[in-house]
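Trainee: Predicted model and sequence follow; I will ask about them next.
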Amino acid sequence: MASDAGGILLTLRKASTLQFLAVLRHFRQPFARLSKTLQSSNLNIVTAMSVAKATVASFRDGFDMSEIADEVAEMKNEAVAAGVRMDEDMSSEQLVKTISETFQKSVIKNLEQRFSDEVSELCVVSCETHSNA
């Protein structure tokens, strides 16, 4: 157990780990909002679809790797100022950037498939059919 904790601490001292945590933080709040909305008992499918589309748009438009890099640099500076020895990372900045951008694209693609216009139109037709019955 102590060796596991030591391994985690070593991993957290790498800049690439900080970058991945910053990327995940970018997704956390919009996903939390979407999840809370989808769990609401007052929700209708049209509202759910519009919230999902807004979430996708925020992931597409609000993902700025230079902004995330600035956050990581600030976190590194704060860690060093607090006495943490940051380790040199074997991962290149380009590789970390590519992985982060691939993750962003995968999240967007997944959400677009789950909340596509075809699904939205199907739900609207279904809702109209049930309300007319």
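Mentor: Thanks, I have it.

Trainee: Just want the most central residue of the chain.
Mentor: The centre of the chain sits closest to F27, judged by Cα atoms, centre = their mean, with a distance of 2.3 Å.

Trainee: Quick check: that one is in a helix.
Mentor: Yes: under the criterion used here (DSSP: H, G, I helix; E, B strand; the rest coil), F27 sits inside a helix.

Trainee: ok, so what distance separates it from A82?
Mentor: In this view, F27 and A82 are 26 Å apart by Cβ to Cβ, to the nearest Å. The C-beta positions use only the backbone N, C-alpha and C, and glycine is treated the same way.

Trainee: then stretch 20-29 to CSV, C-alphas only?
Mentor: Presented in CSV, the C-alpha positions along stretch 20-29 are these (Å, rounded to 0.1, in the frame of the first residue of the first chain):
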residue,chain,number,x,y,z
PHE,A,20,-4.4,15.6,-18.0
LEU,A,21,-5.9,16.8,-14.7
ALA,A,22,-6.4,20.3,-16.2
VAL,A,23,-8.1,18.8,-19.3
LEU,A,24,-10.4,16.6,-17.1
ARG,A,25,-11.3,19.7,-15.0
HIS,A,26,-12.4,21.4,-18.2
PHE,A,27,-15.0,18.7,-18.8
ARG,A,28,-16.1,18.2,-15.2
GLN,A,29,-18.4,21.2,-14.7
